[in-house]
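# Structural data only, the sequence is not supplied:
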């Protein structure tokens, strides 16, 4: 089933109009997509530790954006996340993703989140279904 992929700027992760969104911006540098983020207290699970769902959401978004920014509209079909170390509220992170494999129907993307001191917070891998 195909979906109409429209952007009304209310995406939770990147939507400029979403008043409770994360407001991340994504930049394509060659074949890699990058972003940065500083989580706030409202993003925590346990006290001062960023909720794993927020981390997973950021990874999902950058992996889809990696396809979109290269002209490939796609939606997530499968995603795997591996958490490496806790992310503390207020710690700045860098996020990056790249396409690792692609065919007519599926785009496979990997991503990671690292603290500024290069410590790995989480890794993600997804299979996206192309919508073009």
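Yep, that arrived. Nothing here was measured: the structure is a model prediction, and the numbers come from that model.
# Give the burial count for residue 80, as a bare number.
Neighbour count of residue 80, defined by other CB atoms under 10 Å: 12. C-beta: built from backbone N, CA, C; applies to glycine.
# Which strand residues bridge the residue nearest to it when sequence neighbours are not counted?
Among residues not flanking residue 80 along the chain, residue 125 sits closest, at 4.8 Å (CB to CB, 6 or more residues apart in numbering). Judged by DSSP bridges, the bridge partners of residue 125 are residue 80, residue 110.
# what about residue 125, distance to residue 10?
For residue 125, the distance to residue 10 equals 27 Å [CB to CB, to the nearest Å].
# what does residue 81 give?
As judged by CB to CB, residue 81 and residue 10 stand 24 Å apart.
# ditto for residue 129
In terms of CB to CB, residue 129 sits 22 Å off from residue 10.
# With neighbour numbers in mind, choose between these two.
Legend: neighbour count by other CB under 10 Å for residue 129 and residue 10, higher for residue 129 (17 against 12).
# Let me know the helix or strand that that one is in.
Take DSSP states H and E as the rule and residue 129 turns out to sit in strand 120-130.
# And that strand, how far out from the chain middle?
Strand 120-130 sits 8 Å away from the centroid of its parent chain (CA atoms, centre = their mean, to the nearest Å).
# Report the buried residues of it.
121, 122, 123, 124, 125, 126, 127, 128, 129, 130 (16 or more other CB atoms under 10 Å).
# ok, for the first one, nearest residue in space, not its chain neighbours?
It refers to residue 121. Nearest residue to residue 121, sequence neighbours excluded (CB to CB, 6+ apart): residue 113, at 4.3 Å.
# quick one on the thing from earlier: now flag whichever of the buried residues of strand 120-130 is closest to residue 90.
residue 121 (13.6 Å; CB to CB).
# ok but residue 19 is inside a strand, no?
No: going by DSSP: H, G, I helix; E, B strand; the rest coil, the assignment for residue 19 is coil, not a strand.
# And it, how close does it get to residue 10?
Separation of residue 19 from residue 10 (CB to CB): 9 Å.
# Next: residue 18.
5 Å.
# tell me the contacts of the residue nearest to residue 80?
Neighbouring residues of residue 125 by CB atoms under 8 Å, 6 or more residues apart in numbering: 79, 80, 108, 109, 110, 111.
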